[in-house]
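# Here you go, sequence then predicted model.
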Amino acid sequence: MARDYREEVRRLYDTISEEFDRTRIKPDPFLETLVKRGFSRRTRLILDNGCGNCRNLKAFDKECIMIAGDFSRSMLKQCVKNVSAREVHYVQYDLTRLPFRNRVFDSIICVSAIHHLKEEDVEKAFREMGRVLSNRGWMLASSWSVKMTRDNRFLRRARKISGNYFMVNWGPYERFYFLMDAKTLGAICRKAGFRDAVTLEYGMNNYSLVDRRTREAGARGEASADENTG
């Protein structure tokens, strides 16, 4: 039987949720930059996909309606504590099967979550995000970069399984990671139907950015979304 890394990661986050919350406080800096530049100006409904402790929702205006989704029930409990003053709804689910109707979200953020999936499941996760993202919405997804393997501190904590799959220590526990470069992330996005995605490296992370807010980008996005749901 194949090893179920996703279930192992879920159990780990259930175990370390309180420690994770103490050490992960600020929103992703690239996300904060986008929000400050107006990406969330007309956003009414946001999905924090793989939300962890909801630290990234702190970057948004409190007037937005927010959906926080994660596979770890314990991490969702940390969310309740961190963003209790906002209109947030909490849902437990798997990244590869989103329990939402088509094209409902104005914005999707998926920060440091997809790297816990194997490559074929990363593609499934992007297809699902493409299905639920509005034709006039925007999305930001990120993952750890394969450049991490150049860092000796990382290598002391990491154990290579095969290819770009690693197990990385969190104290006595291990987390599964799929480390990509921006080119690989871009190829997965295109394969999943995101022809309008821009991929880049920022620090030790890769980012995939989709911006359909303009009328022209919306028209291109509609064609891409139709492919995802066909």
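Now that the structure is in, tell me what you want to look at. Since this is a predicted model, take the numbers as computed values, not measurements. Numbers count the residues shown, from 1 in each chain.

# which ones are touching the most centrally placed residue in the chain?
Closest to where the C-alpha atoms of the chain average out (CA atoms, centre = their mean) is Cys110, at 1.9 Å. By CB atoms under 8 Å, 6 or more residues apart in numbering, the contact list for Cys110 reads Asn49, Gly50, Leu95, Ala125, Met129, Met139, Leu140, Ala141, Ser142. Using the backbone N, CA and C atoms, a C-beta is placed for each residue, glycine as well.

# Nearest to Phe60 among the residues you listed?
Of all the contacts of Cys110, the one with the least separation from Phe60 (CB to CB) is Leu140, at 11.9 Å.

# Okay, that closest one and Ile109: tell me how far apart.
Leu140 sits 5 Å away from Ile109, going by CB to CB, to the nearest Å.

# what's the answer for Phe126, then?
14 Å.

# Without its sequence neighbours, what residue ends up closest to Ala197?
In space, Ala197 comes closest to Cys189 once its chain neighbours are excluded; the distance is 4.1 Å by CB to CB, 6 or more residues apart in numbering.

# For the lengthiest helix in the chain, which outside residues touch it?
Assignment by DSSP state H gives helix 5-23 as the longest helix of the chain. For helix 5-23, the external contacting residues (CB under 8 Å, 6+ apart) are 52-53, 70-75, 77-78, 81-82, 94, 116-118, 121, 170-171, 173-176.

# thinking again about what came up before, which ones are touching the residue nearest to Ala197?
With contacts defined as CB under 8 Å, 6+ apart, the neighbours of Cys189 are Phe126, Ala197, Thr199, Ser208.
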